[in-house]
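Q: make a model of this:
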Amino acid sequence: MGALLYVVLGWFIREVVLKFVILAAIFAVLVIVVPMAANQLAPFIGTTSLSGLFNAVPDSMYFFFYFFKLDVGLPLVISALVGRFLIRRLPVIG
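A: Residues are numbered from 1 along each chain as shown. Next up is the predicted model:
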């Protein structure tokens, strides 16, 4: 019984807890790095936020942006792509 518990506990720590800690660290890095990268790119773009870019769009295009909810979806897609890039670089996760 003790050996079975040892094997199950070892598997749980190795597979579940370790991956949770790694993914939580990636999430924390994304929360910190993405706004810093946006601030570094702001002088080249000419604005400090994504909402500032949407304010520069003409009204005829803004209708389609609002219809497709790009103001919500675009930051989600960018964060997901950065997260996927970071996760694929980890040999433990793949």
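Q: pLDDT weak spots in this protein?
A: Across the chain, the ranges flagged by pLDDT under 70 are 42-51, 54, 92-94.
Q: all strands for it, in order.
A: Using DSSP state E, no strands are found in the chain.
Q: ok, longest helix in it?
A: helix 18-45 (DSSP state H).
Q: could you say what helices and strands that one packs with?
A: helix 70-88 (3 or more CB pairs under 8 Å, 6 or more residues apart in numbering; DSSP states H and E). The C-beta positions use only the backbone N, C-alpha and C, and glycine is treated the same way.
Q: alpha carbons of the helix it packs on, in PDB - could you do that?
A: The C-alpha trace of helix 70-88 is given here as PDB (Å, rounded to 0.1, in the frame of the first residue of the first chain):
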ATOM      1  CA  LEU A  70     -11.600  43.500 -32.300                       C
ATOM      2  CA  ASP A  71     -11.100  45.800 -29.300                       C
ATOM      3  CA  VAL A  72     -11.600  42.700 -27.100                       C
ATOM      4  CA  GLY A  73     -10.300  40.000 -29.400                       C
ATOM      5  CA  LEU A  74      -7.100  41.500 -30.600                       C
ATOM      6  CA  PRO A  75      -5.400  41.700 -27.200                       C
ATOM      7  CA  LEU A  76      -6.500  38.200 -26.500                       C
ATOM      8  CA  VAL A  77      -5.000  36.900 -29.700                       C
ATOM      9  CA  ILE A  78      -1.700  38.700 -29.200                       C
ATOM     10  CA  SER A  79      -1.400  37.400 -25.600                       C
ATOM     11  CA  ALA A  80      -2.300  33.800 -26.700                       C
ATOM     12  CA  LEU A  81       0.400  33.900 -29.500                       C
ATOM     13  CA  VAL A  82       3.000  35.100 -27.100                       C
ATOM     14  CA  GLY A  83       2.000  32.500 -24.600                       C
ATOM     15  CA  ARG A  84       2.100  29.800 -27.200                       C
ATOM     16  CA  PHE A  85       5.500  31.000 -28.300                       C
ATOM     17  CA  LEU A  86       6.800  30.700 -24.700                       C
ATOM     18  CA  ILE A  87       5.200  27.400 -24.000                       C
ATOM     19  CA  ARG A  88       6.700  25.800 -27.100                       C
END
